[in-house]
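Peer 1: Sequence plus predicted model, see below.
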Amino acid sequence: MYDMKNMAKLGQLGKNAGNDIWKKFGALSEAVMADGGIPVKYKELIAVAVALTTQCSYCLEIHKGKARQAGASDEELAQTVFIAAMLRAGGAITHGSHLIDD
């Protein structure tokens, strides 16, 4: 199912949605990911971590490339993987507390 060629269909999806939703989403994305209080490289590493936790192959491909363009190293990407893994594991462990009867 995953194929980067599907990204070419997003314009049609946006057109079908109407109301310039796709353009507005693009504007939001550009504004959020612009350099600011958090440098672009860190924003892209955050996006990679989120993509890993949501398991979005498209986001991984896109934000890995943008992180690289922003200067992210192999070490930074590798550490991002383990941050995401720790958060997923931590979520499972903390949700385990719901299994304990009071």
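Peer 2: Received the coordinates, thanks.
Peer 1: Only C-alpha atoms from now on, for both contacts and neighbour counts.
Peer 2: OK.
Peer 1: Tell me which residues touch residue 33, please.
Peer 2: Applying Cα atoms under 8 Å, 6 or more residues apart in numbering to residue 33 gives the contacts 40, 43, 44.
Peer 1: hmm, try it at 7 Å
Peer 2: Shown here is residue 33, whose contacts under the criterion Cα atoms under 7 Å, 6 or more residues apart in numbering are 40, 43.
Peer 1: same deal with residue 99?
Peer 2: If a contact means Cα under 7 Å, 6+ apart, then residue 99 has no contacts.
Peer 1: And it, how close does it get to residue 12?
Peer 2: In this structure, residue 99 and residue 12 are 45 Å apart, going by Cα to Cα, to the nearest Å.
Peer 1: Quick check: residue 47 touching residue 63?
Peer 2: Yes - Residue 47 is within contact range of residue 63, at 6.3 Å (criterion: Cα atoms under 7 Å).
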